[in-house]
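Visitor: only the shape, not the letters, is given here:
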């Protein structure tokens, strides 16, 4: 995902002279092409993320379109006050791009895990929260974010994720989910880079006679309420799937929508990380297995709920 981000950033910089890149001292070689073309619009702000966010807010309020980038926990929880006061309160159109969301950096331990960021940022007024599923959705999200007049948070994985789309989805819109596979029995709402795992879950369900619709529910705020209304009125079971805490993420947002709208549901499952730090040692695949986010675990849980 990060390679697609860097490439699309260069293209956007070529197209729009307002685009400014701010980095928290990571991925410097990743942006060689951008810096070569726009040296005066690249700023390495160092390991000073709070300051970087304040600088980005000031640039945005001066008419530029700053894109601030670093590892997820350092660009969200570390500088949450600056995002709240300098960016959201001022309605500054800053694009915050986080790399390594969820358990992407599982092997580096809890300091580099990020399973709370959606919860933090979706609670802030004026903020949009977008979690692309693959490299092509990252490109689409970048272009869509530049069309917004308010701040946007783009939550990416790391690198090497499977590509689901073959090109930029022409119908990608912030706040409008994308149907990846059609189905008739259950609906799987996936956000972020869990989508390949969810597609595999759907294949396992199909082998057991259960037809699953798979949706890339890339925008957690604002919710695609039309998609939700159709899913809960049509399917025997709806599940949200995210590499994020069950507290405050997509599953929580959908639960709030159900309660606030007094929506009648049949069966609703939420898959996500528990209310605890992940202290085991291993990479992302291992972490998902331990956290119940593997395709096998999710397929078994869905079959049990349908029984």
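Guide: All right, it came through fine. For clarity, every value in this text was computed on a predicted model and none was experimentally measured.
Visitor: show me what contacts the residue lying closest to residue 164 once chain neighbours are set aside?
Guide: Distances taken as C-beta to C-beta, 6 or more residues apart in numbering put residue 134 closest to residue 164, at 4.6 Å, once the chain neighbours are dropped. Just so you know, the C-beta spots here come from the backbone N, C-alpha and C atoms, and that holds for glycine as well. Going by C-beta atoms under 8 Å, 6 or more residues apart in numbering, residue 134 touches 1, 161, 162, 163, 164, 165, 193, 195, 196.
Visitor: just the buried residues from those, in PyMOL please.
Guide: To isolate the buried subset of the contacts of residue 134 in PyMOL, counting by 16 or more other C-beta atoms under 10 Å, use the following:
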select buried, resi 1+161+164+165+193+195+196
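Visitor: closest to residue 16 among the contacts of residue 134?
Guide: Of all the contacts of residue 134, residue 16 sits closest to residue 1, with 21.4 Å by C-beta to C-beta.
Visitor: that closest one and residue 138 touch, don't they?
Guide: Yes - in this structure residue 1 lies within contact range of residue 138 using C-beta atoms under 8 Å: 5.0 Å.
Visitor: which residues do those two both contact?
Guide: Counting by C-beta under 8 Å, 6+ apart, the residues touching both residue 1 and residue 138 are 132, 156.
Visitor: so which residues of this structure form helices?
Guide: 2-15, 32-37, 49-61, 72-75, 80-82, 117-122, 135-146, 195-207, 225-234, 250-260, 284-290, 295-306 (DSSP state H).
Visitor: for stretch 119-130, buried residues please.
Guide: Within stretch 119-130, the residues that count as buried by 16+ other C-beta under 10 Å are 119, 120, 121, 122, 124, 126, 127, 128, 129, 130.
Visitor: CSV for the residues you listed, including distance to residue 144?
Guide: Output for the buried residues of stretch 119-130, formatted as CSV (distance: C-beta to C-beta, whole Å):
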residue, distance to residue 144
119, 22
120, 22
121, 17
122, 17
124, 19
126, 16
127, 15
128, 9
129, 13
130, 8
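Visitor: closest to residue 9 out of the residues you listed?
Guide: residue 130 (15.5 Å).
Visitor: the domain parsing of the chain - what is it?
Guide: 2-155, 178-306 (automatic domain parsing).
Visitor: mind checking the end-to-end distance for the last one?
Guide: It stands for domain 178-306. The first and last residues of domain 178-306 sit 25 Å apart, counting by C-alpha to C-alpha, to the nearest Å.
Visitor: let me see the mean pLDDT of that domain.
Guide: Across domain 178-306, the average pLDDT comes to 97.
Visitor: same question, the longest one
Guide: Per-residue pLDDT over domain 2-155 has a mean of 96.
Visitor: shouldn't residue 106 be in contact with residue 277?
Guide: No - counting by C-beta under 8 Å, residue 106 sits too far from residue 277 to count as a contact (11.9 Å).
Visitor: who has more neighbours, those two?
Guide: residue 106 (24 against 11; other C-beta atoms under 10 Å).
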